[in-house]
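Q: Build the 3D model from these lines:
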Amino acid sequence: MTTLFLGGIGTGEIILIVLAILLLFGGKKLPELMRGMGKGVKEFKDAMNEPSGEKKDDEKKEEK
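A: So this is what the prediction gives:
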């Protein structure tokens, strides 16, 4: 089995984790959870790429 970058986790372990998530949340909730996680990651990346001074200026403009 091929190990991934997460240490000793291989393909079999990844499949087990995915199956456990499917059992816990069900097939109908899973797309909603992934969509929310994707939005969170996107917001985090946007915040990391934005210079700290611009964020404060934008907030001041919105208050007016």
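
Q: For this structure, which segments are assigned as strands?
A: Counting by DSSP state E, the chain has no strands at all.

Q: remind me which residues of it are low pLDDT?
A: Applying pLDDT under 70 to the chain flags residues 1-6, 53-64.

Q: Have a look at it and report its longest helix.
A: Assignment by DSSP state H gives helix 11-49 as the longest helix of the chain.

Q: Please name every helix or strand in contact with that helix.
A: Contact here means 3 or more C-beta pairs under 8 Å, 6 or more residues apart in numbering; DSSP states H and E; on that basis helix 11-49 packs against no helix or strand. No exception for glycine: its C-beta is placed from N, CA and C like everyone else's.

Q: starting at the chain centroid, how far to that helix?
A: 7 Å (C-alpha atoms, centre = their mean, to the nearest Å).

Q: Pull out the buried residues from it.
A: Going by neighbour count (16 or more other C-beta atoms under 10 Å), nothing in helix 11-49 comes out as buried.

Q: going forward can the numbers begin at 680, since that is how I track them
A: Got it, first residue is 680 now, which makes that one helix 690-728.

Q: I'd like the distance between Leu712 and Ile694.
A: 18 Å (C-beta to C-beta, to the nearest Å).

Q: So for this protein, the centremost residue is which one?
A: Met716 (3.8 Å; C-alpha atoms, centre = their mean).

Q: Would you check how far apart it and Ser731 are?
A: For Met716, the distance to Ser731 (C-beta to C-beta) stands at 25 Å.

Q: With Ile696 instead?
A: Distance from Ile696 to Ser731, by C-beta to C-beta: 36 Å.

Q: repeat for Val720
A: Distance from Val720 to Ser731, by C-beta to C-beta: 20 Å.

Q: Leu701 too?
A: Taking C-beta to C-beta, one finds Leu701 at 40 Å from Ser731.

Q: now do Asp725
A: With C-beta to C-beta as the criterion, Asp725 and Ser731 are 13 Å apart.
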